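Visitor: Predicted model, plus sequence, below.
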Amino acid sequence: MERKKKRGAYVALSVLILAGLLLLIRSCAPQNIDSLLSENGIHPDQVMVVTPIDSRTHVVLYRNTTPDGVSSGLVEQELWSSRVTLPQDVLQDNPNEPISTHRSGYQMSDGKAFDVAYGYVHDPEITKLRLRYELNSSSEEVEADILEPSNMNQERLWYAIIQQPTTGIQLEIQGLDNGGRVIYSSQENED
């Protein structure tokens with residue numbers, strides 16, 4: 001009889017330990033993106049775009065209220081912790097230009113670095129954006145995503161993830177029409 005009591009105590013203790021471990025693991029799970037952003041002063045109604053870099057890393061474009069404009073942020077979700085990086089820069093939009101643009105660079109916790117370029121497309125004839133740059137004596141090209149106007153913004157927001165840092169590198173933005181013709185080039189407009 002004494003042996004059965006000991007066995008029962010061991011089983012009960014094992015179940016309690018297992019339940020405690022499950023609760024600990026569950027409490028250490030990554031937070032969702034909305035709650036991470038809210039903790040950093042960005043409310044869900046400010047978020048314009050959330051796009052993944054990988055399964056646990058996301059770039060966020062949001063309406064920044066101080067100063068007024070669009071900003072980007074990086075959300076990294078790890079098993080035991082999460083990190084939000086919010087640079088203090090903001091897109092300075094100029095509606096008189098065909099395209100407004102801003103670039104932010106990020107370095108992830110694993111050491112990888114990348115840039116995010118974003119802005120507004122003001123010219124209604126531009127239906128596609130292509131970003132071109134020279135890196136290590138080869139020409140690279142990235143196509144931007146263009147979002148249609150929404151209740152949050154009246155202009156078409158565009159963004160592109162550039163998988164390597166481009167600090168100090170000339171970035172040419174080309175706007176194409178429906179026929180695929182280049183009707184805007186940032187290099188031509190710099191003169």
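Guide: Arrived safely, thanks for sending.

Visitor: Could you check how far the residue nearest the centre of the chain is from Glu143?
Guide: Residue closest to the mean C-alpha point of the chain, counted by Cα atoms, centre = their mean, is Val59 at 0.8 Å. Applying Cβ to Cβ, to the nearest Å, the value for Val59 to Glu143 is 16 Å. Placement of C-beta: from N, CA and C, glycine included.

Visitor: about what we covered before: ok, the residue nearest to the centre of the chain to Arg181 distance?
Guide: For Val59, the distance to Arg181 (Cβ to Cβ) stands at 30 Å.

Visitor: Over to Gln154?
Guide: Gln154 is 26 Å from Arg181, by Cβ to Cβ.

Visitor: sorry, back to before: bridging residues for the residue nearest to the centre of the chain?
Guide: Thr51, Leu74 (DSSP bridges).

Visitor: In this structure it contacts Gln163, no?
Guide: No. Counting by Cβ atoms under 8 Å, Val59 does not reach Gln163; the two are 11.9 Å apart.

Visitor: what's the burial count for Gln163?
Guide: Using other Cβ atoms under 10 Å, Gln163 has 12 neighbouring residues.

Visitor: Not counting residues beside it along the chain, what's closest to it?
Guide: Phe114 (5.3 Å; Cβ to Cβ, 6 or more residues apart in numbering).

Visitor: likewise Ser139?
Guide: That would be Arg132: by Cβ to Cβ, 6+ apart, it lies 6.4 Å from Ser139.

Visitor: Mind listing the strands the host helix or strand of that neighbour pairs with, and their directions?
Guide: Using DSSP states H and E, Arg132 maps to strand 128-135. Using DSSP bridges, the strands paired with strand 128-135 are strand 138-143 (antiparallel), strand 171-176 (antiparallel).

Visitor: ok, of those strands, where does mean pLDDT dip lowest?
Guide: Mean pLDDT is lowest for strand 138-143 among the strands paired with strand 128-135, at a mean of 90.

Visitor: Residues contacting it, please?
Guide: 128-134, 160-162 (Cβ atoms under 8 Å, 6 or more residues apart in numbering).

Visitor: Now the buried members of those.
Guide: 128-133, 160-162 (16 or more other Cβ atoms under 10 Å).
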